[in-house]
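Trainee: sequence and computational prediction follow.
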Amino acid sequence: MDKVAFKMQVQDMLEAERPDVAAVLALVGEQLGEDAKSAVQAFAGLTEAVVRTKDFAGAIDCMAFFAQRSAELRGIELAQMREVVRRSANSTEEKLFVDAVGLDTAIATSIVSRLRVLTALTPGTYVNSSSWGFGVVKSLDTFYGKVIIDFNSRQNHAMTLAVAGQNLSVADEKHLMTRFTKDREGILALVQKHPAEIVRLALESYGPMSLQRLQDRLAETGIVPAADWKRFWESARKSLKSDKGRPVEIPQKRSEPLRLLEGEEDFGDRWLKAFSKQRDLKAIYEGALAIRAAKKEALPDSYRDVIAERLAFALKGAARTDWPRYAQVAALMRTMGLSTPEAQAVQAAKLLEEDEEDTLLAAFRGLPARDVKAVVAFLLEADPEKSAGHKQAILDRLPRYNGVALGAVLDTLKGDEETGDRIRSLLASQGAPEPTLVVWALRNRAAAEAWKVPALNDLAKQAIYIIEQRLSGEELKMRNVLQGFFDSQKWIESLCDELSAEERQILFERIQASHAWDPSSQRTILVRMARRDPSLNALRRAVKAQQEVQHLTSRRSLAAFRLAYDHLINVEIPANSRDIATARSYGDLRENAEYQFARDHQRLLLSRQDEMDRTLRLVKPTDFAGVACDVAAMGTRVTVETPRGVATYTILGELDRDEALNIISCRSRLADALMGKKPGETVALPDERGTVEGVLKAVEPLDDAVKAWLAAIPAVYVPNA
């Protein structure tokens, strides 16, 4: 379209009381190829209009357009688009959605997908969860920021909006489970008469999946009972293989996914011409994958040139807006021989950048395990001179990977001694255990044991510690996984079988003293353990006493904690509110770094307030007077001898710690290994290489130095005290 005509048409559309966002975006998309500058100006004008009119749905559409065409929208940054979404939110629900999607950290495609899920969560909407299966939205609780869903497997389930945005997908009228819910008899008839159609419906509804996953899906929903699977699949497979009009890719291995294919593609001149004009980053990447799979022989130069040019376009477009896609494309170009060693070195360095965000972490968060492995291989091979440094960078991020990325990274580095050293060090650290690593170690026992990680009973105690914490995001997911382990009868029985009698007793006492489970669930776990080892029944009478001492701390530490809490409420949070108001006065929030920093800091402060509120409700003060010294316990001074020498520690309450006096918290892993032991008993103490065996030499009363420390009640707040 002529530049003048384009500007006039867009201007007329933007002056409407509520602009038609879809129509403007269509015009902008067409104009980008002819006059990019005018198109970008029009897009910027549209974003201002959606903010002015508080058009939240329009803002999401603009973000979606940006995610697809960012390479062409020069001058438009992701930070600006995030602010457009934030400022367009008007209702309470919309503001809750913005807070729940990780707007300041997520990539554009993730923001769009999460917001589209959340905005669709009205009562009666059918949804699907990777964890809970199919369900229907019951209500949206705006006070607590949760959605209530009736899943087939669990009724009245409350899910936070943050989890819902990442975990749910909306099931439309064509979804297999929507159809099954509305027309059960019709779907069951299809199972009998046209099993191949059921397979296609499942793949259309859930996307590519392995044969085992398909079987599990259809069995757990009651569409194809497990007993009927073999007959069903034999019939479906025969039909699928003979139907060339609607092909389904059936892999040789059960672990590889079945995929719907759009039809036979000859990848001839027509395909190449269409591909050369492709601008969608996802379509470019998937097209290159498809031709690589189809053309087993070397590609002609004409193909290589076009594919290399389009992948380079996708690489440029993904930089700083879609790191998962950037990583995928960089690895693919190397695999296909379409990038030079110099270019690969630059790409690897970019993937390991750490400025506003950690690029590699951002990439791994959005990739399946297969692609994570490909990216790890790319980083290790892209620049031979820096391979060791790249591996070090990968290992440095181990505690921060999500579950999928961690499993893929460790599987790729299987057998590597340096990786084993790092895993052992992280799992044996005396600090708070890393949830994702503990989940991996318990799920992948053979691989974990090959790296000589801490013993199973130590991992189980770490898992309980994690379950007791208040977590969010990926750590919350891992905590829920660990809680699921203990709630599984098969897992808890297997755990009991592998532990020694003494280890079972210690774990039993640890679980019954924990506040992590509701009384019913806790009782179920203890009963299952006692059935496996009846001698554990004798320990049940100690429950009340152990629960009473569980949340004790010294008066000194509680006083210091209360002072810190008062400082947070009366100084830090009000100061942060003033910072936000001041930063807001600078104007143009899209590029206002001070404002963004103040808002991010506000979220951290409010999260800390919630955690401190909980601690103050639970923890009670004590002076540790009259503690018996027959076993190591809170309020005792213990001496331990190991091959490394003799060390003395004082075990006090939850908030107590002082490195100079060797005072350790009763919640520390070191204290956990000592408590309940008698002098002369062998103890396994955590260290950086796993555990070190020692002997408990003495259990004594508190010495004068510790008593003086306990008596020094602080009257004023001291930072980092």
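Mentor: Nice, I can see it. Residues are numbered from 1 along each chain as shown.
Trainee: report the mean per-residue pLDDT for stretch 465-474.
Mentor: In this model, stretch 465-474 has an average pLDDT of 78.
Trainee: other residues contacting that stretch?
Mentor: 102, 162, 402-403, 432-433, 435-436, 438, 475, 478-479, 482-483, 486, 514-517, 607, 610-611, 614, 667, 669, 672 (CB atoms under 8 Å, 6 or more residues apart in numbering). The way it works is simple: take the backbone N, C-alpha and C, and place the C-beta from them, glycine included.
Trainee: can you check stretch 15-31 too?
Mentor: By CB under 8 Å, 6+ apart, stretch 15-31 touches 1, 6, 9-10, 13-14, 38-39, 42-43, 46, 49-50, 53, 55, 57-58, 61-62, 65, 69.
Trainee: of those, which belong to helices?
Mentor: Counting by DSSP state H, the contacts of stretch 15-31 place 6, 9-10, 13-14, 38-39, 42-43, 46, 49-50, 57-58, 61-62, 65, 69 in helices.
Trainee: can you turn the buried part of the residues you listed into a ChimeraX selection?
Mentor: What follows is the ChimeraX syntax selecting those of the ones in helices among the contacts of stretch 15-31 that are buried according to 16 or more other CB atoms under 10 Å:
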select :6,9,10,13,14,38,39,42,43,46,49,50,58,61,62,65,69
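Trainee: centroid-nearest residue for the chain?
Mentor: Closest to where the C-alpha atoms of the chain average out (CA atoms, centre = their mean) is E474, at 3.2 Å.
Trainee: circling back to that earlier point, just the buried subset of the contacts of stretch 465-474, written out for ChimeraX, thanks.
Mentor: The ChimeraX command for the buried members of those (criterion: 16+ other CB under 10 Å) is given here:
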select :102,162,402,403,433,435,436,438,475,478,479,482,483,486,514,516,517,667,669,672
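Trainee: in helices, which of the contacts of stretch 465-474 appear?
Mentor: Using DSSP H, those in helices are 162, 403, 435-436, 438, 475, 478-479, 482-483, 486, 607, 610-611, 614, 669, 672.
Trainee: do I have it right that P701 meets D630?
Mentor: No: using CB atoms under 8 Å, P701 is not in contact with D630; the gap is 11.8 Å.
Trainee: ok, the two, which is more surrounded?
Mentor: It is P701, of P701 and D630, that has more neighbours when counted by other CB atoms under 10 Å, with 15 against 10.
Trainee: what sits against the residue nearest to the more buried one when sequence neighbours are not counted?
Mentor: With sequence-adjacent residues excluded and distances taken as CB to CB, 6 or more residues apart in numbering, P701 is closest to C629, at 6.0 Å. By CB under 8 Å, 6+ apart, the contact list for C629 reads T636, V699, E700, P701.
Trainee: and what of T622?
Mentor: Residues near T622 by CB under 8 Å, 6+ apart: L552, T553, S554, R555, G635, G653.
Trainee: among the residues you listed, which are located in helices?
Mentor: Under the assignment DSSP H, the contacts of T622 contribute R555 to helices.
Trainee: among the contacts of T622, which pair sits farthest apart?
Mentor: R555 and G635 (12.8 Å; CB to CB).
Trainee: more neighbours, the two?
Mentor: Higher neighbour count among R555 and G635: G635, with 24 against 15, using other CB under 10 Å.
Trainee: next, that one: phi, psi?
Mentor: G635 has phi and psi values of phi 90, psi 20 when expressed as degrees, to the nearest 10.
Trainee: ok, it to P701 distance?
Mentor: Taking CB to CB, to the nearest Å as the measure, G635 falls 8 Å from P701.
Trainee: hey, what's in contact with both of those two?
Mentor: Common contact partners of G635 and P701 (CB under 8 Å, 6+ apart): V627.
Trainee: what about the stretch 501-650 of the chain, any weak spots by pLDDT?
Mentor: 541-550, 583-597, 600 (pLDDT under 70).
Trainee: what about I291, how many neighbours?
Mentor: With other CB under 10 Å as criterion, I291 counts 19.
Trainee: swap in Q602?
Mentor: Using other CB under 10 Å: Q602 sits among 16 other residues.
Trainee: do you know how far it is from V646?
Mentor: Distance, Q602 to V646, by CB to CB: 48 Å.
Trainee: D243 too?
Mentor: 76 Å.
Trainee: also A120?
Mentor: To V646, A120 is 64 Å away according to CB to CB.
Trainee: between these two, which one's more packed in?
Mentor: A120 (15 against 12).
Trainee: pretty sure that one is touching V170, no?
Mentor: Yes: using CB under 8 Å, A120 and V170 qualify as a contacting pair, with a distance of 4.7 Å.
Trainee: please name the nearest non-neighbouring residue to V638.
Mentor: Spatial nearest neighbour of V638, chain neighbours left out: A632 (4.8 Å); criterion: CB to CB, 6+ apart.
Trainee: you'd agree the one you found is in a helix?
Mentor: No: counting by DSSP: H, G, I helix; E, B strand; the rest coil, A632 falls outside a helix, being coil.
Trainee: for it, give me its contacts.
Mentor: For A632, the contact set (CB under 8 Å, 6+ apart) comprises V638, I651, L674, M675, G676, K677, K678, L696, V699.
Trainee: list the buried residues in the helix or strand where the first one lies.
Mentor: In other words, V638. Using DSSP states H and E, the element containing V638 is strand 636-642. Using 16+ other CB under 10 Å as the test for burial, strand 636-642 gives T636, R637, V638, T639, V640.
Trainee: do stretch 194-207 as well
Mentor: Buried residues in stretch 194-207, defined by neighbour count with 16+ other CB under 10 Å: P195, A196, E197, I198, V199, R200, L201, A202, L203, S205, Y206.
Trainee: hmm, who's touching it?
Mentor: Residues outside stretch 194-207 that contact it (CB under 8 Å, 6+ apart): 128, 171, 174-177, 179, 187, 190-191, 209, 214, 217-218, 223-224, 232-233, 235-236, 239-240, 243, 246, 248, 258-260.
Trainee: could you dump that stretch to CSV, C-alpha only?
Mentor: Taking Å, rounded to 0.1, in the frame of the first residue of the first chain, the C-alpha atoms of stretch 194-207 are listed here in CSV:
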residue,chain,number,x,y,z
HIS,A,194,-12.9,-46.1,14.0
PRO,A,195,-10.0,-46.4,16.5
ALA,A,196,-7.7,-44.5,14.2
GLU,A,197,-9.9,-41.4,14.5
ILE,A,198,-9.6,-41.5,18.3
VAL,A,199,-5.8,-41.5,17.9
ARG,A,200,-6.0,-38.4,15.6
LEU,A,201,-8.4,-36.6,18.0
ALA,A,202,-6.0,-37.3,20.9
LEU,A,203,-3.0,-35.9,18.9
GLU,A,204,-5.0,-32.9,17.8
SER,A,205,-6.0,-32.2,21.4
TYR,A,206,-2.8,-32.9,23.2
GLY,A,207,-0.1,-32.5,20.5
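Trainee: tell me the helices and strands packed up against the strand holding V638.
Mentor: For strand 636-642, the elements it packs on are strand 645-652, strand 682-687, strand 690-700, judged by 3 or more CB pairs under 8 Å, 6 or more residues apart in numbering; DSSP states H and E.
Trainee: any idea of the angle it forms with strand 645-652?
Mentor: Inter-element angle recorded for strand 636-642 and strand 645-652: 160 degrees (by axes from the mean of the first three to the mean of the last three CA atoms, to 10 degrees).
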